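**Q** Model the structure of this input:
(chains A and B)
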Amino acid sequence: MNVIYNDLVIRFANVNGSGSASANGMFTKALFRMGIPVSGRNIFPSNIQGLPTWYEVRVSERGYLGRREGVDIMVAMNAETFVEDVKSVKSGGYLFYDNTKPLERSLKREDINEIGIPIAALMLPEFSDPKQRSLFKNITYLGALAGLLNIEFDVITGMVSTQYKGKDALIQPNIRALEIGRDYALEYLDGPLPLQVRRCDQVGDRIMIEGNAAAGLGAIYGGATVCGWYPITPSTSLAEAFERYANQFRVEDKTGQKKFAIMQAEDELASIGIVIGAAWNGARAFTATSGPGISLMSEFLGLAYFAEIPAVVWDIQRAGPSTGMPTRTQQCDLISSAYASHGDTKHPLLFPSNPKECFEFGALSLDLADRLQTPILVMSDLELGMNDFLSEPFEWDDNRSYDRGKVLDAEDLDKLDVFGRYLDVDGDGIGYRTLPGTHPEKGAFFTRGTSRDEFAAYTESPDAYQKNMERLLSKWETAKTILPDPEILSSKQKVGVLYFGTTAYPMPEAQDSLRREGISFDLCRIRAFPFNGEVVSFVNDHEVVFVVEQNRDAQMRTLLINEEDFEPAKLISVLYYAGLSMSADVIQKQISDHYEAKKLPRLSEVSK
Amino acid sequence: MTFVLKPKTHHPRLPLNEIGLTRRDYEGSVSTLCAGCGHDSVSAAIVQACSELSIPPHRFAKVSGIGCSSKTPSYFLNKSHGLNSVHGRMPSVMTGANLANKELFCVGVSGDGDSASIGLGQFAHIVRRRINMLYLVDNNGTYGLTKGQFSATNDKGSTSKKGLLNLYEPIDLVSMALQLGASFVGRSFSGDKAQLVPLLKAGLKHKGIAFIDVISPCVAFNNHVGSTKSYEFIREHSQDVVNADLVLPNSEITVEYEEGTSTQVPMPDGSLLNLHKIDADYDPHDRVGALNYVQRRQEQGEVVTGLLYIDPEAGDCHEVLDTVAQPLNALNEAELCPGALALDQINQSLR
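**A** Next up, the predicted model:
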């Protein structure tokens, strides 16, 4: 038998609220513990119970963590989507289903393999309670898959024991359900299949965590003490993670009192208002939201930009416009975030690509906001925020100190003859600020969203207004020098690819596939807006630059053209915005098609 | 225009407060509001109240929204920081400011447009949250800066300066504050300094949210016959119910009241709040009773003023959140960052 190891896509079709998430999560974690690179994605409805949900797992010994088109194994446990699910199986793939009721003839496909297992029937004699039967169904198919794919059984049973520690009565029935599934697969089915997993050593010391939890932890490490937030998918778990970690790490030993304040506000306007008020008063503060929240926060973001108050906003992007597809992923808030608010307003953006960067930006964004005295928007998305991903372990240097930016304390003020809040003393466009209550005589000023002079006094003087607006532009230039650099992989190709955020997951695979087609290119992963000199040089140094992004309107390309005056024809869009995460296949096809259409030379042709 | 600084010299015999400062040390810059604007009287009352309380003049956090009222934080307490935020959003900004540093005295100034229209939601929610602050509404029933449109507190049946009839029901912020659980609710009149100043002092000393609706006539757009927010109308129709007088620790009680009409409320800092009841049957500790009373009198065309409700024990948001004694903005890396070792353990738990 010709066995393929550690390279498959398996999709679980379930009903949401049926307890399947736990079994599916264990499947992924088991492979992770066997040292196999794996990524799992929830494709879920905006609903609490009863609607279809899918969980798709990519297993790849080569380490590809992005989505790949085509389902090798479909675990079809939802009658409602069964027809659609059968269709989505790749030719030669496997359909795993509960054959307690036989498969309808019309659904039979000659080109795929059926694996029927009578789960419902197997559960009947074992569990008398119907609710238990339904719950253990999930564990049973997990057991069967362990048999079919050759997953190390003790890895799974070990996880069951850990998961139900303290609720020991649940351990035995769970293990029993696993065994029922596995035994059936080995006795009655042709398990293991020619598609299998096996222990390898490709995970290293990596960890597995969702981006939102990493970001919440980063905010803890970065010293955030105030979080104002409003529940919105897919950002909610970020504020919740912050609170969870805060209760773990920010409680004073002797008093049990808290070194943080988290406030679930009445809406996103209040969330950002709380952040701005807290930051004005010297606390590190942040909020987490999604696209609709950015729209609501816009007026306040303009105030913080113009009045120069630090703020950190995490935007966990979801498919828009309007309510859009609230449980699907996109990178669609770039323009609304970069230029949020009326008037000439712009904000630095950060683009994390993995949980480790979420952790790092969770802390770094607070430094940057203090240093630049302006809102920093961190542009994550549902894909990264709500799915567990393999990640390099988090690191923290205990010698690192927070950059609180230019803040004068009472001693500084005593030494100072003249204090002007908006005086550009250092020539970097950033003035010195003071915090309320610092000094009995000096340094108090009035912060306002109206025009003012360098001493924070209200003015309608055309010169003073324009000078201030120009200073803000000079600060924008300073931002370029301190925001995270892009990550560039260059072998001096003529073609370059710009990408950012979660497109980093499919990109290595797309690059490998295209290379096999004779298409080679350099890569530049943008990590911040405004673009720094390295991004500009990357575009200038390449004849053709593909800009890969997950939205319809090529928003990153628009930012590049708008801010840097690049020749539009040079920037070719590669777009995907249907709400799933971008797959390597999409990138490969669109770049390949462009080569075809423009008759661009491929390496194989050049060498001919 | 740029704002005008007041001369720093003052009369040599101006009285000094307990920390050796005069009233002038609590002033702000020169007001740019219209001559005779009620808001300027409110600012003057704030100056007097803060000075009499002998709070260091830099230990306030002033936050406002947008509108004539919201300009006023420039006109008092120049030594404190102020933040003129966006329309109707003072409450959320003040929430953040208070969470960051609970040691500062928080003074939020808003108006009827700011709090009863665009900011009604934020008003409601800061009351629920019990932020420790003095929440003032300079209530004139009109949009002054945009030249005299009706605001949401304008009474049905009153007329605009141009003679238009207001056809909509008014929002009474005092009733709302009572209903939403504010632990200190008062109403006063900018023209009644004798009532307002003690009320402000009590509000500043109160722990939790102290809401005061100050009827503050707009001389430019809402001070005519037919207005129910004019100087004349309020003088004729306001009805004192309970007047407050804050007695600081170690000072003598000088005002004497008729027996049975005066009660004393101990304040968190050791001062005493003397409540002088003009209506002997009124109970300022009965929230539902207060709500009923205010609305009944309103039905009869009267504007009830004074300290209408107080619960000195209610506490504030920091108590709810159980935050540490130190202000959150004063905590440093050592107190906030769990460090590399803890991170290693987290990494380990995620494998």
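**Q** From A:V418, how far out is A:R516?
**A** Distance of A:R516 to A:V418, given as C-beta to C-beta, to the nearest Å: 66 Å. All C-beta spots, glycine's among them, are computed from the backbone N, C-alpha and C.
**Q** swap in A:I488?
**A** A:I488 sits at a distance of 44 Å from A:V418 (criterion: C-beta to C-beta).
**Q** same deal with A:I151?
**A** Counting by C-beta to C-beta - A:I151 and A:V418 are separated by 71 Å.
**Q** Between the two, point out the one with more neighbours.
**A** Comparing A:I151 with A:V418 by other C-beta atoms under 10 Å in any protein chain shown, the one with more neighbours is A:I151, at 25 against 9.
**Q** For the more buried one, give me its contacts.
**A** Residues in contact with A:I151, defined by C-beta atoms under 8 Å, 6 or more residues apart in numbering or on different chains, are A:27, A:30-31, A:34, A:145, A:197.
**Q** out of the residues you listed, which are inside helices?
**A** A:27, A:30-31, A:145 (DSSP state H).
**Q** any idea which helix or strand carries the closest residue to B:A177 other than its chain neighbours?
**A** Closest residue to B:A177 apart from its sequence neighbours, by C-beta to C-beta, 6 or more residues apart in numbering or on different chains: B:F211 at 4.3 Å. Following DSSP states H and E, one finds B:F211 within strand B:209-215.
**Q** Heading C-terminal from that strand, find the next helix or strand.
**A** As assigned by DSSP H and E, the chain's next helix or strand after strand B:209-215 is helix B:231-237.
**Q** Okay, buried residues for that next one please.
**A** B:231, B:233-234 (16 or more other C-beta atoms under 10 Å in any protein chain shown).
**Q** Also stretch A:394-404?
**A** A:394, A:396, A:402, A:404.
**Q** Run through who's touching that stretch.
**A** So stretch A:394-404 is in contact with A:207, A:214, A:217, A:221-223, A:284, A:356, A:359-360, A:366-367, A:370-371, B:332-333, B:337, B:339-340, B:343, B:346-347, going by C-beta under 8 Å, 6+ apart.
**Q** Which residue ranges of chain B form strands?
**A** B:60-64, B:81-84, B:105-111, B:133-139, B:142-143, B:149-150, B:184-189, B:209-215, B:238-247, B:262-266, B:272-277, B:303-310 (DSSP state E).
**Q** Next, format those strands as CSV and append mean pLDDT and mean neighbour count.
**A** Shown next, in CSV, are these (pLDDT from 0 to 100; neighbours: other C-beta atoms under 10 Å in any protein chain shown):
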stretch, mean pLDDT, mean neighbour count
strand B:60-64, 98, 30
strand B:81-84, 98, 27
strand B:105-111, 98, 29
strand B:133-139, 98, 30
strand B:142-143, 96, 25
strand B:149-150, 95, 18
strand B:184-189, 97, 29
strand B:209-215, 98, 28
strand B:238-247, 88, 21
strand B:262-266, 84, 15
strand B:272-277, 87, 20
strand B:303-310, 95, 26
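**Q** nearest to A:D98, of the ones you listed?
**A** strand B:209-215 (58.2 Å; C-beta to C-beta).
**Q** what pairs with that closest one, and is each one parallel or antiparallel?
**A** strand B:133-139 (parallel), strand B:184-189 (parallel) (DSSP bridges).
**Q** Distance to A:I48 for those strands - can I get that in CSV?
**A** Listed next are these as CSV, based on distance: least, C-beta to C-beta, whole Å:
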stretch, distance to A:I48
strand B:133-139, 38
strand B:184-189, 39
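**Q** Select, out of those, the one closest to B:P198.
**A** Nearest of the strands paired with strand B:209-215 (C-beta to C-beta): strand B:184-189, 9.5 Å.
**Q** Please work out the angle formed by the directions of that closest one and strand B:272-277.
**A** 60 degrees (axes from the mean of the first three to the mean of the last three C-alpha atoms, to 10 degrees).
**Q** who touches strand B:184-189?
**A** B:174, B:177-178, B:195-196, B:199, B:202-203, B:206, B:208-216, B:234-235, B:238, B:244, B:290, B:303-311.
**Q** could you redo the last one with a cut-off of 6 Å?
**A** B:174, B:177-178, B:195-196, B:199, B:206, B:210-215, B:234, B:238, B:305, B:307-310 (C-beta atoms under 6 Å, 6 or more residues apart in numbering or on different chains).
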